[in-house]
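Enquirer: please find the sequence and the predicted model below.
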Amino acid sequence: MRYAVKRVGSFAVTMLLVAVLTFAAFSVVSGDPAQRLLGTSATPERLAALREELGLNAPAPERFLKWLGGFFTGDLGVSFSYKQPVSELLGSKLPVTLTLTAMSFLLIVLFSFPLGLIPSGAGGRFIGGVRAAFNQLSMAAPPFVLGVGISWICGVVLRMFTPGAFPDPGTDPAGELRYLLFPAVSMAVPRVAMTVRMLRSGVESELHKDYVRAAAARGASGAFILRRHVLRNVLASSVTFLGQTMAEIVGAGVVIEQVFAVPGLGRLLISSVLTRDYPVVQAAVVLLAFWVCLAGAAADLVNRLADPRLRAEHKA
Amino acid sequence: MLEVQELTVRFHSAETPAVNGVSFSVPTGGIFGLVGESGSGKTATALSIAGLLDCAAASVSGRILLDGVDLLSLSSKERRRLAGKEIGVVFQEPAAAMDPLMRIGRQVEETLLLHGRFSAAERKKKALAALAEAELPDPERVYRSYPHELSGGMLQRSMIAAALILRPKLLLLDEPTTALDVTVQAQILSLLGRLNAEQGVSMLLISHDLRVVGRLCPTAAVMKDGRLVETGETEALFRAPRHPYTKKLVASVPGGEYNGA
């Protein structure tokens, strides 16, 4: 229980820091949004009027608190370029990004666990070599290169989907999922390779531990030991890695949404940066950071459930 | 009951054999000691008796007779049927020999799961009895504990309980007290002596420490560079060593206080 309080506390502090830095970066340091909106030819009267309208005349700390409160009340201001409330704008993009992230993560788990945990001897030397080469290649290829490749092969050559033709939100959920499969795969492939490698070396190092030998001395077969002892230990040690992977997907998603023209949070973020639409950028950054922190907290929680030693450490 | 004849173990990665033509026997209900410094081949000897050497890494030749059956002639499946049931093993590092994520009880019971059909209630009952037999206070609590919650001495007692739960004929003890405090060492040794006397389980005790072997084993052999240099009654071996290496070992014991058996 005390642990939970501590963990929520550190979560809150992290998020507050993210909020302060984001606000400072965009609202304080980067100059006068009113000036940017109206351009250099604007009259001083119009500038003053717009500043008043945007609430820019209040001191920075006051603006910060008002903005921070917006995350709880839902009032995050109005987008400069879309002239739409920021919360509405983000709310319409968020499900797409969440779906994409979840799909990609699911693909990673679904493919890397069987591949990583099936004994490495299986398949012989040739298959092993092919696998190693594939591993190296897919880890070396950045997701956006892979994304361009996949959207060309699957979209243009094989016509499995039409790049750029994402269904209008809400009209065709199945079509959305189908479309999102391709960017999800592009993000998953390098991470599947990395996760497989991590799991393999995890299994390898567990197999050399004394408790494996002790189980063998009781008459346990290799398969029995793998199932009953090694897998649990490997899984427990891979949770943190998976949490980091989740965080990486969020970052990679920003780029991949751009490559596949997916109307999600990442794409909105990039276009808003380009148009200097600060209310949108600030809120989107905080939202993505929230998601990353959440993944980390979830990983910690699962870790504690899996490993009694961690539970004991925090009790003391 | 255990007869090792001309045992030779060759690791593929090494030029000289780790064990070179070693022969000795453990009498039924007796305790035989194997003394030597690290690298002398004593652990390789124990592992080949237990069938725990990786066939890909080492080749084993000679004969290991357990009640007349040559273990080296058995298939790996047949050997697994003996492991835990006829031969129990206790390792040097009790903390490492336990799966850190599994409660002690489930690990002590594991042998029952692997050999024969026991209901969950029977397994628990037998495990609690074995833990009590290993002189663990409050076996119920130990049964529910995770390895990190117990001291080294308690873990080693739990390992002994696990190794003896099916009453094997032979117990292999590979440096069972080396990782423990001196006072705990003495307790574990007297526990082993009692179990040997009461259950009649034969034991092969491997140690680098003359005093440990001297306390428990009526007969012993001294091992160096993969060969046995001297075998005999422990008392005589240590009071009047013949081989220069045995002399050196005896001389290195502080105060010469290896109280014979």
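Expert: Great, that's in hand.
Enquirer: residue contacts, the residue positioned nearest the centre of chain A?
Expert: In chain A, the centroid-proximal residue (CA atoms, centre = their mean) is residue A:250; its distance is 2.0 Å. For residue A:250, the contact set (CB atoms under 8 Å, 6 or more residues apart in numbering or on different chains) comprises A:101, A:288, A:291, A:292, A:295. C-beta coordinates here come from the backbone N, C-alpha and C atoms, glycine included.
Enquirer: please redo it, this time with the cut-off set to 7 Å
Expert: Counting by CB atoms under 7 Å, 6 or more residues apart in numbering or on different chains, residue A:250 touches A:101, A:288, A:291, A:292.
Enquirer: got the phi/psi numbers for the closest residue to the second one other than its chain neighbours?
Expert: It stands for residue A:288. Closest residue to residue A:288 apart from its sequence neighbours, by CB to CB, 6 or more residues apart in numbering or on different chains: residue A:250 at 5.6 Å. Main-chain dihedrals, residue A:250, degrees, to the nearest 10: phi -60, psi -40.
Enquirer: so in that sheet, which strands flank the helix or strand where residue B:25 lies, and in what orientation?
Expert: Secondary structure assignment for residue B:25, by DSSP states H and E: strand B:19-26. Strand pairing for strand B:19-26, using DSSP bridges, gives strand B:2-11 (antiparallel).
Enquirer: give the buried residues for stretch A:261-271.
Expert: A:262, A:263, A:264, A:265, A:266, A:267, A:268, A:269 (16 or more other CB atoms under 10 Å in any protein chain shown).
Enquirer: would JSON lines of the residues you listed with secondary structure be doable?
Expert: As requested, the buried residues of stretch A:261-271 are exported to JSON lines (DSSP: H, G, I helix; E, B strand; the rest coil):
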{"residue": "A:262", "secondary structure": "coil"}
{"residue": "A:263", "secondary structure": "coil"}
{"residue": "A:264", "secondary structure": "coil"}
{"residue": "A:265", "secondary structure": "helix"}
{"residue": "A:266", "secondary structure": "helix"}
{"residue": "A:267", "secondary structure": "helix"}
{"residue": "A:268", "secondary structure": "helix"}
{"residue": "A:269", "secondary structure": "helix"}
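Enquirer: picking up where we left off before, how close does the residue nearest to the centre of chain A sit to chain B?
Expert: 30 Å (CB to the nearest CB, to the nearest Å).
Enquirer: confidence score at that residue?
Expert: According to the prediction, residue A:250 has pLDDT 91.
Enquirer: where's it relative to residue A:141, distance?
Expert: Applying CB to CB, to the nearest Å, the value for residue A:250 to residue A:141 is 19 Å.
Enquirer: let me see the contact set for residue A:45.
Expert: Contacts of residue A:45 (CB under 7 Å, 6+ apart): none.
Enquirer: my bad, residue A:26
Expert: Residues in contact with residue A:26, defined by CB under 7 Å, 6+ apart, are A:278, A:281, A:282.
Enquirer: again, 10 Å this time
Expert: Counting by CB atoms under 10 Å, 6 or more residues apart in numbering or on different chains, residue A:26 makes contact with A:33, A:273, A:276, A:277, A:278, A:279, A:281, A:282, A:285.
Enquirer: once you drop chain neighbours, what's closest to it?
Expert: Leaving aside its chain neighbours, residue A:26 sits nearest to residue A:278 (4.6 Å; criterion: CB to CB, 6+ apart).
Enquirer: might one say that that neighbour is in contact with residue A:78?
Expert: No: the criterion here is CB atoms under 10 Å, and residue A:278 misses it with residue A:78 at 11.2 Å.
Enquirer: which one's more surrounded, these two?
Expert: residue A:278 (23 against 18; other CB atoms under 10 Å in any protein chain shown).
Enquirer: quick check on the more buried one: phi, psi?
Expert: phi -60, psi -40.
Enquirer: how near is it to residue A:200?
Expert: Taking CB to CB, one finds residue A:278 at 46 Å from residue A:200.
Enquirer: quick revisit: how about the strand holding residue B:25: buried residues?
Expert: With the criterion 16+ other CB under 10 Å, strand B:19-26 contains buried residues B:19, B:20, B:22, B:24, B:26.
Enquirer: and for stretch A:160-175?
Expert: Using 16+ other CB under 10 Å as the test for burial, stretch A:160-175 gives A:161, A:163, A:166.
Enquirer: ok, now stretch A:199-217?
Expert: A:199-200, A:202-203, A:206-207, A:209-217.
Enquirer: sort out for me which of those are in helices.
Expert: Secondary structure assignment by DSSP state H places A:199-200, A:202-203, A:206-207, A:210-217 of the buried residues of stretch A:199-217 in helices.
Enquirer: could you list the domains of the chain?
Expert: Defaulting to chain A. A:2-73, A:90-315 (automatic domain parsing).
Enquirer: try chain B instead
Expert: B:1-86+B:173-261, B:94-167.
Enquirer: of all those domains, which one comes closest to residue A:12?
Expert: With CB to CB as the measure, domain B:94-167 is the member of the domains of chain B nearest residue A:12 (30.7 Å).
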